[in-house]
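Asks: Quick one, structure for this:
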Amino acid sequence: MNKENATQLHAPARHFSVLLSPTPRGARLARLLATEWLRTWDLPYGVADRAAHVVAELGANAATHGRVTGRAFRLALLARSDMLRIEVTDTRGDDLPRRQPPTPDTESGRGLLLVEALADRWGVELGPAPRKTVWAELDLTPAPHSPEPGAVCSGGPGALPKEPREGKKPHQTPPLPPTAPAHSHE
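Replies: Numbering: from 1, shown residues only. Okay, here's the model as predicted:
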C-alpha cells in the first residue's frame, strides 16, 4: 500500500466562527454556541466557564453598542495549545469600547470590567472599515502560583479567616422541624 495515499486522521479544527444578529437573542446564542463548542475540547478547569462569561459580555456589547440595522456581528473562537482567543467583530468601528467605573446605582456598564477580570489579556483592533474587533485571551497553561484543580488549599492571599469575624456567626443549615408522631388506626 502506498503510504502517500493512505487516509490520515487530522486533529479536529480548533477554530469556530459564526455570524449572529445584533440583538439580545444573538448575544445569547453566541454564549450558547461558544459553550457547546468549548465542551468538545479538553480545557483546563474553569477556562470554559470564564470563556462563556467573556463571550456573553462581548456579545451583549456588540448587540447593544455595536448594533447597526441589517449588519451582523461575528463571534470567533480560536483554541491553541497554550491560549484561547475570543473575538467579537461588529460594524461600529467609530464607537470604541471604554472601560468606565460604573456608579453603584447603574444597571449596566460593568461588562468590560468583567472581561478584564476574567481574561488574561484583552483589547480592540480596528478595521477593515467600518469594523472593530474586541478580543480577549485566556491562558490554557496554569500560572506557576496556581494550584492544581482539586488541590486542597489553605491560607495565603484571599483565604477565608480561620475564626469567624467578630459579631458574625458561621453559616449553618437551619435545624429540621420536629416530626409529628405517627397516628395509629386502632
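
Asks: can I get the CA coordinates of the helix or strand bottoming out on mean pLDDT in the chain in CSV?
Replies: Ranked by mean pLDDT, DSSP states H and E, the helix or strand of the chain with the weakest confidence is helix 111-118, at a mean of 90. Written as CSV, here are the backbone C-alpha positions of helix 111-118 (Å, rounded to 0.1, in the frame of the first residue of the first chain):
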residue,chain,number,x,y,z
GLY,A,111,-19.1,44.3,31.1
LEU,A,112,-15.6,45.4,30.3
LEU,A,113,-14.7,45.3,34.0
LEU,A,114,-15.8,41.6,33.9
VAL,A,115,-13.8,40.9,30.7
GLU,A,116,-10.7,42.5,32.3
ALA,A,117,-11.2,40.4,35.4
LEU,A,118,-11.8,37.1,33.6
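
Asks: Can you spell out which helices and strands pack onto it?
Replies: helix 47-64, strand 121-126, strand 132-139 (3 or more C-beta pairs under 8 Å, 6 or more residues apart in numbering; DSSP states H and E). Just so you know, the C-beta spots here come from the backbone N, C-alpha and C atoms, and that holds for glycine as well.

Asks: Between helix 111-118 and the last one, find me the angle.
Replies: Just to be clear, that refers to strand 132-139. 30 degrees (axes from the mean of the first three to the mean of the last three C-alpha atoms, to 10 degrees).

Asks: for the least confident helix or strand of the chain, which positions count as buried?
Replies: 111-112, 115, 118 (16 or more other C-beta atoms under 10 Å).

Asks: try stretch 83-97
Replies: Buried residues in stretch 83-97 (16+ other C-beta under 10 Å): 84-93, 97.

Asks: Those in helices, which ones?
Replies: Using DSSP state H, no member of the buried residues of stretch 83-97 sits in helices.

Asks: would you turn those into CSV with distance to residue 71 and pLDDT?
Replies: Formatted as CSV, these follow (distance: C-beta to C-beta, whole Å; pLDDT from 0 to 100):
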residue, distance to residue 71, pLDDT
84, 26, 96
85, 23, 96
86, 20, 97
87, 16, 97
88, 13, 96
89, 11, 94
90, 8, 92
91, 4, 88
92, 9, 83
93, 12, 80
97, 17, 78
